[in-house]
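# dropping the sequence and predicted coords here.
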Amino acid sequence: MACFIVPAAEAVVTTVATKILEKKQATATTADAELFRAKTSTLVRKLRWLNKLLWGGSFLLAFEHLWHGELTLAFPFLTAAGDAASMTEMLREMATSGVAMAAVVTLAWLGLVLVTSAWERKAQRVPVTVTETDA
Amino acid sequence: MTLLISVFAAVCFTVAWYKNQPQNTLCLSTPCFLLWGASLMWLVDAVVEYAHLGVAYFSPEAADLVNDAFLGLSVLALTLVVWVVTLLVKDPRGVLHNKK
């Protein structure tokens, strides 16, 4: 009915957080500004992945809701917002499916972040050696 | 069916993205993120529906199947349009921006 609104709301929050971090990176003028930029650049890059996952998923789900007639282009946009019974059902679906969708996408992103961070740490630890074939 | 189509498309785009690394001149991460995000959300929808319907979930009516397939293809078409627009706007190879 309107389950995509929950991940879309999360997308708004994560996008704002990303923008704030980017602004702080750009305006950092203290002595350790370079250190701050180095520390947060990876986080910003990975936050952008979450933003794209949430916005992309919400966008395609909104299209699906439009297809099924649950979303209209005229106010109040959601057909379920017309009467109280449908509204209750819509809110229940948002609280169950919507929250679950946002949680699953966030967990998948966390998994991606953990794996890529482990790869990055491993790449930093492995010393570069010149083998006979390279030389 | 919509979930299946979006997952197949997401896997294909991810393989294409991997093959295109490290240049990334085709903005392939855009359809990847779009389709994986939607696939994860539709997966939740499928689990919820399975919890309600049980095994009947796997034997849908022919009309529903056709409608879902049609929706899946439409979603794919929309994703391709978003991808092409992103590619032309970002223009990573400078094809459009360098034209006099």
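Yep, that arrived.

# sketch out the low-pLDDT regions of the chain for me.
Since you didn't name a chain, this refers to chain A. A:31, A:126-135 (pLDDT under 70).

# not quite, I wanted chain B
In chain B (pLDDT under 70), the answer is B:99-100.

# and whatever residue of chain A ends up closest to chain B, how many neighbours does it have?
Closest residue of chain A to chain B, C-beta to the nearest C-beta: residue A:57 (2.8 Å). Where you see a C-beta, it was placed from the backbone N, CA and C, and this is true even at glycine. If you count neighbours by other C-beta atoms under 10 Å in any protein chain shown, residue A:57 ends up with 29.

# likewise for the one 3 residues further on?
Under the neighbour criterion other C-beta under 10 Å, residue A:60 is assigned a count of 24.

# re the thing from before, got a list of what the residue of chain A closest to chain B touches?
A:4, A:7, A:101, A:105, B:34, B:36, B:37, B:38, B:39, B:40, B:41 (C-beta atoms under 8 Å, 6 or more residues apart in numbering or on different chains).

# so the fourth one sits right up against residue B:42, yeah?
Okay, so that is residue A:105. No - counting by C-beta atoms under 8 Å, residue A:105 does not reach residue B:42; the two are 11.3 Å apart.

# comparing those two, which residue is more hemmed in?
Taking neighbours as other C-beta under 10 Å, residue A:105 and residue B:42 compare with residue A:105 leading, 27 against 24.

# residues of the longest helix anywhere in chain B that come out buried?
Longest helix in chain B by number of residues, with DSSP state H as the criterion: helix B:62-90. Neighbour-count burial for helix B:62-90, counted by 16 or more other C-beta atoms under 10 Å in any protein chain shown, picks out B:67, B:68, B:71, B:72, B:75, B:76, B:79, B:82, B:83, B:87.
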